[in-house]
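> Provide a 3D model corresponding to the input given below.
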Amino acid sequence: LDLSDNDIKGTVPSEIGNLSELVRLRLSFNELTGEMPPDLFEGLNNLALVQLHRNRIRGTIPSIKWSAEKGWTENDHSLRSIVNYSSAFIADCGNPSDFKESLNCTNCTICCNAQGDCHPQEQTFIQKSKMESYTKFTLVFFACIVGVSVIVAVVFFAFDWYRNVHLTTAASKQLSEEDREYALDSLGNDSVYQFFLSKSCVGWSIALAIVA
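The predicted model follows:
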C-alpha cells in the first residue's frame, strides 16, 4: 500500500490494521497528524516495510513484531528480497523535532528529524556496554582512571623506596635526576602529565582532574 506524497491529512486510519496480508506500508511525505492507533500493527503478521517519515505524527509509534517472532533475521534472503532490512521501519523520531517531545519509536531502523536528515538507529558504545546512562559510564570511566593512577603511584613509590634503600645516596640522586630529565623530555615540559612525576598530592589531583 503506497500512499506516499499525496498530501493526505488527518490521522492514520485504524482500518489499516485489518489488512492482514499487507507487506509494505508507505505513508511518508503527507500531512498526517495526531497519534497512531496503539494496536495498528498487531494483526499485520506479513508486514516487512513501514515508512511514516515526513508527517506530523505525535506520541508513540506502535512496535512491529518481526525478526525473531517471524523467524526473520537481518541476513534472511527471503526478507531481503522484499525490502532492505536497514530501512524497513522509518519515522520522524529523530532530533531536533518539530514538537516539544520527540516521536517515540522503539524499533524503528531509521529516524528522521525536523531538518529532513535521516540516520540509522544504531546502538552506541554505551548501549552496547549495557550501561544504564552516560552518567554511569562517566563514573565508571573516572573510577578506572583513578584506580590505574593509584596503582601507578603505588608502583612508583615502591620503586622509589627500593632505590633509596638499596642504592647509595649519591648514585640514587644521580639516577633519580637522570630518570626525571628523561621522563620530562619524553612527556614535554609543558605537558599536564609532568604532574605525575611529582610527589605532590596537589599535582596528582590537578593531573587527574584535567585528564578526567
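> any low-confidence regions in the chain?
Filtered on pLDDT under 70, the chain yields the residue ranges 66-86, 123-134, 163-212.
> Where is the longest helix in it?
helix 134-166 (DSSP state H).
> From the contact counts, what lies against it?
helix 169-187, helix 201-211 (3 or more CB pairs under 8 Å, 6 or more residues apart in numbering; DSSP states H and E). Bear in mind the C-beta positions are built from the backbone N, C-alpha and C, glycine included.
> Now G17: phi and psi?
Per-residue torsions, G17: phi -70, psi -10 (degrees, to the nearest 10).
> ok, G116 - how many residues close by?
The tally of other residues near G116 (other CB atoms under 10 Å) stands at 10.
> got it, and R26?
A count of neighbours around R26, defined by other CB under 10 Å, yields 17.
> again, but for F89
With neighbours defined by other CB under 10 Å, the count for F89 comes to 27.
> how near is it to R54?
15 Å (CB to CB, to the nearest Å).
> residue contacts, N46?
Residues near N46 by CB atoms under 8 Å, 6 or more residues apart in numbering: 20-23.
> Show me just the buried residues among these.
Neighbour counting with 16 or more other CB atoms under 10 Å marks L22 as buried within the contacts of N46.
> Can you pick out the ones from the contacts of N46 that are in strands?
Per DSSP state E, strands hold no members of the contacts of N46.
> possible to save the contacts of N46 as JSON lines with distance to F137?
Formatted as JSON lines, these follow (distance: CB to CB, whole Å):
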{"residue": "S20", "distance to F137": "44"}
{"residue": "E21", "distance to F137": "45"}
{"residue": "L22", "distance to F137": "41"}
{"residue": "V23", "distance to F137": "40"}
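> how about the contacts of N46, which pair is most distant?
Maximum pairwise distance in the contacts of N46, criterion CB to CB, is 10.7 Å, between S20 and V23.
> Contact partners for C112?
Contact analysis of C112 by CB under 8 Å, 6+ apart lists 53-54, 90-94, 118-119.
> do L25 as well
L25 neighbours (CB under 8 Å, 6+ apart): 1, 16, 44, 47, 49-51.
> 6 Å - rerun?
When contacts are counted by CB atoms under 6 Å, 6 or more residues apart in numbering, L25 touches 1, 50.
> any idea how far it is from I61?
12 Å.
> got it, and V12?
Applying CB to CB to V12 and I61 gives a distance of 10 Å.
> Please apply the same query to H119.
From H119 across to I61, the span is 16 Å (CB to CB).
> Which of these two has more residues huddled nearby?
Ranked by neighbour count (other CB under 10 Å), H119 and I61 place I61 first, with 25 against 11.
> So which elements touch the lengthiest strand in the chain?
Ranked by residue count and defined by DSSP E, the top strand of the chain is strand 31-35. When contacts are defined as 3 or more CB pairs under 6 Å, 6 or more residues apart in numbering; DSSP states H and E, strand 31-35 sits against strand 56-58.
> Show me what the strand it packs on is packed up against.
By 3+ CB pairs under 6 Å, 6+ apart, strand 56-58 packs against strand 31-35.
> Listing partners with orientation, what would you give for the longest strand of the chain?
The strands beside strand 31-35 in its sheet (DSSP bridges) come out as strand 9-10 (parallel), strand 56-58 (parallel).
> following the first one, which helix or strand comes up?
Sequence-wise, the next helix or strand downstream of strand 9-10 (DSSP states H and E) is strand 24-26.
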